[in-house]
Every structure is written in structure tokens, then in C-alpha cells.
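> Give me a model of this one.
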Amino acid sequence: MSERLQKILSSAGVASRRKAEDLIAQGRVMVNGKQATVGDRADAGVDVVTVDGKPIAAQRKRYLALNKPAGHVTTLSDPQGRPKVSDLVDIPERIFPVGRLDYDTEGLLLLTNDGDFTQRITHPSYEIDKVYVARVATPIGPRALDLLRTGVELEDGLSAPATVRILYRDQRTVEITIHEGRNRMIRRMLAAVGSPVTGLTRTRIGPLSLGDLPTGRWRELTRDEVDGLRGRNTKPARAGAARGSVRR
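Numbering: from 1, shown residues only. Below you'll find the model as predicted:
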């Protein structure tokens, strides 16, 4: 069956659809020995598709939950030689982080080789909740709460309202829910209201909670969990050990 080339590359785990378009535009993709262009279609069961001269192969779709430790980058390579989240996962398929967590941020991170799934989780138009627990240096007062809930304006002009609740009486631990995933967004929001972050953990993505998954460990998502993240059911799920085998 003929499909857009970027979908074929995404399904094979080569890259997300957007990045696959970049690969095509850069002239790195060939179909049956001819250089492809953006918008081309192919039949993965018939045509020979190569990237940088190497034929792509269909891969089993993998969906993993990782409890990311601080001190790891969510990229597949790092010029500074810092530890990567991919170092924590040992599977034959090439997988990619779904979105990103800052180097110093801990918690729930999804990894997959399904580009459509990645798009569903990361694009703001789908309004998938991302929930974080932040520890801050100074107590968060009523005015700061109002600003966070209505949308504090950041230095780049971004103003995104958040759902916020104080977790402890000292007002130094706060749970924040957002849909966006911009660079260091939670840290910038809290710094803008005078409460810089001292520790940050992502605890939930959509219906999937971090649960008791140990730091630095990962596990496969169940079919129900993947369907829930795609919006096909609303049953809550936990990423902890009770839901599946935890891997080192």
C-alpha cells in the first residue's frame, strides 16, 4: 500500500515524521535508487527505501516508561559526553525519547520508535497533561499562584496558564500541570514568580503515572496504557512495578 514517505520512515523508527521530512529535504533518502523529495509516496512492502545508503527495516513498535534520574540528557548523542537516557535502556530497536526532560529533572519519560505516538503525546493541540512536582527555594504566595494559574509571561513572550496546587504547608512544594513542553518551562515559570526550583520531578503524562517505578529503571507499557495515552480509553494507569516487569 502506498504511503507518504515520512510516515514509512516514522513507522520504521528512523525518525519522527517532522524529522523524516528534514531527512528527505536534505537528500538523504532514496527510493529504488532515486533521490526522494518531500511529498513522495512509496510502498514499504515493495519499494526499497534507504537512508544514508542503508535500507530501512520494519521494527516492532516499542513503548517504554523510564524513571529518568537527574544528570542524564534526553538526546541520543551529547557532544559533552554526559550520560544519556538511552544508556539506561538496552533493547535491539532504536528508540527515541518522547519530548524531553531537562538534565537536572527527574521522573516519567516515555521512549518509543512510533513517530505517530510521539506526535500525539508532544503536540500541544492534543492537550495531554504533563504533571510535575517542584520543590522551590522560597514559599509560593497567593499572588504567585494567581500568576501561574492565569499564565505568567516569560522572557520569550510565552504565557501558558497552568493548574497549580500547593502540596505542603510550608508552600515550598507545588504540583503543576501543563500541556506545553517548552525548554525548561516549569523552571522558568517558577523563577518568574520569585520561587526558583531546587528539585523537579515529572509524575504523570496523561493517564499514566510514575507510580513506584525505581529511579533509573524502565518497563514496557501495556496495550491498555498505550491506548490510554492515545486517548482510546480513560482508565488510569501507573508506570510502577505493579503494572509490568521493571528492567535495569
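> Surely residue 56 touches residue 10?
No - contact status for residue 56 versus residue 10: not in contact, 10.5 Å apart, counting by CB atoms under 8 Å. Just so you know, the C-beta spots here come from the backbone N, C-alpha and C atoms, and that holds for glycine as well.
> These two: which has the busier surroundings?
residue 10 (25 against 17; other CB atoms under 10 Å).
> For the protein, which segments are assigned as helices?
With helices called from DSSP state H, the chain shows them at 5-11, 17-25, 115-122, 142-150, 185-192, 223-229.
> Give the burial count for residue 225, as a bare number.
Quick note: residue 225 (other CB under 10 Å) scores 24 neighbours.
> Find me the pLDDT at it, would you?
For residue 225, the model assigns a pLDDT of 96.
> repeat for residue 232
Residue 232 carries a pLDDT value of 70.
> In contact with it, which residues?
With CB atoms under 8 Å, 6 or more residues apart in numbering as the criterion, no residue contacts residue 232.
> Pull up the gap between residue 222 and residue 108, please.
Residue 222 is 15 Å from residue 108, where distance means CB to CB, to the nearest Å.
> tally of neighbours for residue 33?
Around residue 33 there are 7 residues (other CB under 10 Å).
> Neighbour count for residue 222 and residue 108, which is higher?
Comparing residue 222 with residue 108 by other CB under 10 Å, the one with more neighbours is residue 108, at 23 against 13.
> Excluding sequence neighbours, find me the nearest residue to the more buried one.
residue 210 (4.4 Å; CB to CB, 6 or more residues apart in numbering).
> what's the answer for residue 185, then?
That would be residue 178: by CB to CB, 6+ apart, it lies 6.7 Å from residue 185.
> What is the neighbour count of that neighbour?
What residue 178 shows, counting by other CB under 10 Å, is a neighbour count of 21.
> going forward can the numbers begin at 327, since that is how I track them
Taking 327 as the first residue, the last one we looked at is residue 504.
> Contacts only, for it.
455-456, 458, 486, 488-489, 511-512.
> Now do the same contact list for the closest residue to residue 499 other than its chain neighbours.
Distance criterion CB to CB, 6+ apart; nearest residue to residue 499, sequence neighbours excluded, is residue 493 at 4.5 Å. The contact partners of residue 493, by CB under 8 Å, 6+ apart, come to 459, 499-501.
> ok, now with 10 Å
459-461, 499-501 (CB atoms under 10 Å, 6 or more residues apart in numbering).
> do the same with residue 365
330-332, 347, 350.
> Tabulate those in JSON lines, adding columns for distance to residue 532, pLDDT and neighbour count.
Output for the contacts of residue 365, formatted as JSON lines (distance: CB to CB, whole Å; pLDDT from 0 to 100; neighbours: other CB atoms under 10 Å):
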{"residue": "330", "distance to residue 532": "27", "pLDDT": "90", "neighbour count": "17"}
{"residue": "331", "distance to residue 532": "29", "pLDDT": "92", "neighbour count": "25"}
{"residue": "332", "distance to residue 532": "25", "pLDDT": "89", "neighbour count": "25"}
{"residue": "347", "distance to residue 532": "26", "pLDDT": "92", "neighbour count": "19"}
{"residue": "350", "distance to residue 532": "30", "pLDDT": "95", "neighbour count": "23"}
